[in-house]
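K.L.:
What shape does this take:
(2 chains)
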Amino acid sequence: MTVTIASVKQRAESDARSRGYYLNPDPKFLSDLFEGLKTNEDRYGYPSCPCRPGTGVYEQDRDIICPCDYRDPDVVEYGACYCSLYVNKEVYDSGKPIPIPERRPAEKMFPELAPKPAEVLLVTATSSQTTGRILWYCKQCGYVVFREDAPYICPICKAKKEFFAEVRLEVQQRTS
Amino acid sequence: MPITKVEGVRKDHKVFLYTLSTCGWCKKTKELLREKGVAYEYLDVDVLKAEERKAAVEDLHRRNAPLGFPIVIIDDNQLISGYQPEKILGALGL
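P.N.:
Numbering: from 1, shown residues only, chains lettered A, B, ... in the order given. You can find the predicted model right below:
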């Protein structure tokens, strides 16, 4: 499917409406963000946040696919998401969103700088060990499903497969 | 490194920006400097090849750069993260 500014805009508008958010009140800024989202979707195949450096590796960028994992807590705390695409009514009415601090952990921003995995033994316990099926949740509407792979499209909000994230239980045990 | 040079009448400080080509706040920062006639250079980190990106990330790490684009570096020692017009103009004496 071809990504267009219109499709990016329509997705953001529909998501804002269903969540009670507003989009950035500055038309020029907003259109720059739509342009950035389209560029990233063309580039990576998923609309990662225009204000964060994507890696092109889906697993590494999963938390910053718009709407990102940090949007809801950011709008609650600051009235706007990190790139200021989504804002609350108060910020919308003010007409002037301001930048907010980054909530995403540093090691996710630049995987190049993350500690080497050998330092930590990661024991992953998911239901897949017994059944092959795991829990997936839709980042757009919260729908949860128990199956082998994420649904092609969310049956509730029609979000694409990329919007589904795995629900994982992890137990970390240090080797030293 | 594909560093872009933007001409301006104010050249009394060396201004270098790490930016993302897709980022709204980065665009605003570039506009601010252009409006004020400040000469600057910038590097869009998201369009770099893997090796160049690694070098840029290492430079940011060496500088102990806070998270968040744009990262404005003035005279190679003062570092401002995010779109902060007052801080940026203050550091440039404008």
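
K.L.:
Spatially central residue for chain A, please.
P.N.:
Nearest residue to the geometric centre of chain A (Cα atoms, centre = their mean): residue A:68, 2.4 Å.

K.L.:
Contact partners for that one?
P.N.:
Applying Cβ atoms under 8 Å, 6 or more residues apart in numbering or on different chains, we find residue A:68 in contact with A:49, A:52, A:81-82, A:104. (Each C-beta comes from the backbone N, C-alpha and C, glycine too.)

K.L.:
Tell me the residues of chain B that contact chain A?
P.N.:
Contacts of chain B with chain A, taken as Cβ under 8 Å from any Cβ of the partner chain, map to B:20-28, B:45-46, B:53-54, B:57-58, B:60-61, B:67-69, B:82-84.

K.L.:
Show the buried residues in these.
P.N.:
B:20-28, B:45-46, B:53, B:57, B:60, B:67-69, B:82-84 (16 or more other Cβ atoms under 10 Å in any protein chain shown).

K.L.:
Quick check: the gap between residue A:41 and chain B.
P.N.:
Distance, residue A:41 to chain B, using Cβ to the nearest Cβ, to the nearest Å: 10 Å.

K.L.:
and that residue, which of the three is it?
P.N.:
helix (DSSP: H, G, I helix; E, B strand; the rest coil).

K.L.:
model confidence over stretch A:36-51, on average?
P.N.:
Here stretch A:36-51 scores 96 as its mean pLDDT.

K.L.:
Could you work out the end-to-end span of it for me?
P.N.:
One end of stretch A:36-51 sits 8 Å from the other (Cα to Cα, to the nearest Å).

K.L.:
if we can go back for a sec, would you list the contacts of residue A:68 in JSON lines and tack on secondary structure and neighbour count?
P.N.:
Below are the contacts of residue A:68 laid out as JSON lines (DSSP: H, G, I helix; E, B strand; the rest coil; neighbours: other Cβ atoms under 10 Å in any protein chain shown):
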{"residue": "A:49", "secondary structure": "coil", "neighbour count": "28"}
{"residue": "A:52", "secondary structure": "coil", "neighbour count": "27"}
{"residue": "A:81", "secondary structure": "coil", "neighbour count": "26"}
{"residue": "A:82", "secondary structure": "coil", "neighbour count": "24"}
{"residue": "A:104", "secondary structure": "coil", "neighbour count": "17"}
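
K.L.:
out of those, which touch chain B?
P.N.:
Within the contacts of residue A:68, those near chain B by Cβ under 8 Å from any Cβ are A:52, A:104.

K.L.:
you'd agree residue A:67 is up against residue A:86?
P.N.:
Yes. At 6.8 Å, residue A:67 and residue A:86 qualify as touching, with contact defined as Cβ atoms under 8 Å.

K.L.:
what residues are shared contacts of those two?
P.N.:
Shared contacts of residue A:67 and residue A:86, defined by Cβ under 8 Å, 6+ apart, comprise residue A:15.

K.L.:
now the one residue in chain A that gets nearest to chain B: how far from residue A:63?
P.N.:
Closest approach of chain A to chain B (Cβ to the nearest Cβ) occurs at residue A:36, with a separation of 3.2 Å. Distance of residue A:36 to residue A:63, computed by Cβ to Cβ, to the nearest Å: 17 Å.
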